[in-house]
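>>> Structure of the sequence below:
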Amino acid sequence: MTYNQFVLFCSDIHNRDQVIGKALLRYATEISHRLDSFPGQQYPEAQCASCYSTFLPKRFSSSEQSTMYRLLKILAFACCIVNAASVCSTSKYNQGPRDWLQCSSSNIIEVKSKLTLNLITVSVSGSSIPEIGDFTFVQNASTIENLNFHDCGINSIGNQGFRGLSILKKLSLPYNNLTNLKATWFDDLPNLVQLDLSFNRISYLDPTIYFHLSKLQRLDINDNILTCIPTQNLENIRHLKNIRIQENPLTYQCRARITLWLKNHKVDYATNEDKYRWLDGILWQCLSDLPTDQFADRRMNTCVVSNMFDQLSTILRSSASLATSTQECVPARQTLTQCLQSRNVNKNGDVLMNLLALTHNLAKIPH
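Model prediction:
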């Protein structure tokens, strides 16, 4: 808290309680030169705990001192909380000549106040930044190559939010509240190589965005609420090598089209976290026979369910041979079966039979 902020605070109290207000204003005047001597006119965190006793003037009355003592303890505690919570530091990036700004528990005003002309990387996390306004980084446009806002609560970005960042290579906006993307964000990002939009609430991708990402090599769009990722214009991202799409509620038809396109163009999309990648073979098979009409999604669902039913049936038909393939395990298996039956446990076989019945009913969707 600067001296001027402190005086405004005291004046506000004075309007509500003149006795306490006068005492605090006298106090503010008394210590103004001490506040001004602090770096940046702020209370040093290390001295917060004792600032109220160190600067307490001796010529106030005992009642004034008692009241001020209590108020200043609260102010000192608040000062420590603010200083401890909001942290920004600058260091050399990869031991080189350029700077790396790291901030946490900050707001956009604090971040902007720390931007210097030598920055190559800006990394902000765990902060409260609901909006990135237009021309936020324009003064640093010629130096910033990496921009990372992780878990900052961002739900809005101005059309010109990244204006001028022509040498930006990596833009990371994970764990925020974005719901859509604007092509105008990427107007001035011709050299973007990595884009991370994971763990947001994005429900739609405008295919025209691809025109602005010709040099992009990696796209993370996983863990959003996309039902479809358009392949239209995707060929404009000529250097795409990796894309992450898992944990999106993609329709069968859309997943089939995007994964087949990625496979044919040798783009890596499969990860261990993608729990549906085993399904892609079935999806591609169904897609090859899919007519293009208003019932395409319905026909696709029917085809996929039918194929899964056939695979499950095959597994069940071969299960008997698996059960007796190792003779030495038969007694142990029988003992376990008897134990489970006596305890009325819902066994794997029961679960599979119920699943088959369910998929069989689903597969009866009329063509």
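>>> what residues go with each domain of this structure?
3-84, 86-288, 296-362 (automatic domain parsing).
>>> Just give me the lowest mean pLDDT stretch among these.
The weakest mean pLDDT among the domains of the chain belongs to domain 3-84, with a mean of 47.
>>> other SSEs contacting the helix or strand encompassing residue 109?
Applying DSSP states H and E as the criterion places residue 109 in helix 108-113. Counting contacts by 3 or more CB pairs under 8 Å, 6 or more residues apart in numbering; DSSP states H and E, helix 108-113 packs against strand 99-104. Yep, even glycine has a C-beta here, placed from its N, CA and C like the rest.
>>> Go ahead and produce PDB holding the CA coordinates of stretch 90-97.
Taking Å, rounded to 0.1, in the frame of the first residue of the first chain, the C-alpha atoms of stretch 90-97 are listed here in PDB:
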ATOM      1  CA  THR A  90      12.000 -11.800 -13.500                       C
ATOM      2  CA  SER A  91      14.900 -14.100 -14.400                       C
ATOM      3  CA  LYS A  92      17.100 -14.900 -17.300                       C
ATOM      4  CA  TYR A  93      15.500 -17.200 -19.800                       C
ATOM      5  CA  ASN A  94      17.700 -20.400 -20.300                       C
ATOM      6  CA  GLN A  95      20.700 -18.500 -18.900                       C
ATOM      7  CA  GLY A  96      20.600 -16.200 -21.900                       C
ATOM      8  CA  PRO A  97      20.400 -12.400 -22.200                       C
END
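>>> Give me the buried positions along that stretch.
Neighbour-count burial for stretch 90-97, counted by 16 or more other CB atoms under 10 Å, picks out residue 93.
>>> which other residues reach that stretch?
98-102, 114, 116, 118, 120-121 (CB atoms under 8 Å, 6 or more residues apart in numbering).
>>> Of those residues - the most surrounded one?
Compared across these, residue 101 has the highest neighbour count, 22 neighbours, by other CB atoms under 10 Å.
>>> if I look at that residue, how far off is residue 177?
Going from residue 101 to residue 177 by CB to CB, to the nearest Å gives 23 Å.
>>> do residue 110 as well
20 Å.
>>> cool, and residue 157?
11 Å.
>>> For the two, indicate the residue with more neighbours.
Taking neighbours as other CB under 10 Å, residue 157 and residue 177 compare with residue 157 leading, 21 against 14.
>>> Count the neighbours of the closest residue to that one other than its chain neighbours for me.
Excluding the flanking residues, the one nearest residue 157 by CB to CB, 6 or more residues apart in numbering is residue 132, at 4.7 Å. Residue 132 is flanked by 21 other residues according to other CB under 10 Å.
>>> need the contact list for residue 132.
108, 149, 154, 156-158, 161.
>>> Recalculate using a threshold of 10 Å.
By CB atoms under 10 Å, 6 or more residues apart in numbering, residue 132 lies in contact with 108, 111, 147, 149, 152, 154, 156-158, 161-162, 173, 176, 185.
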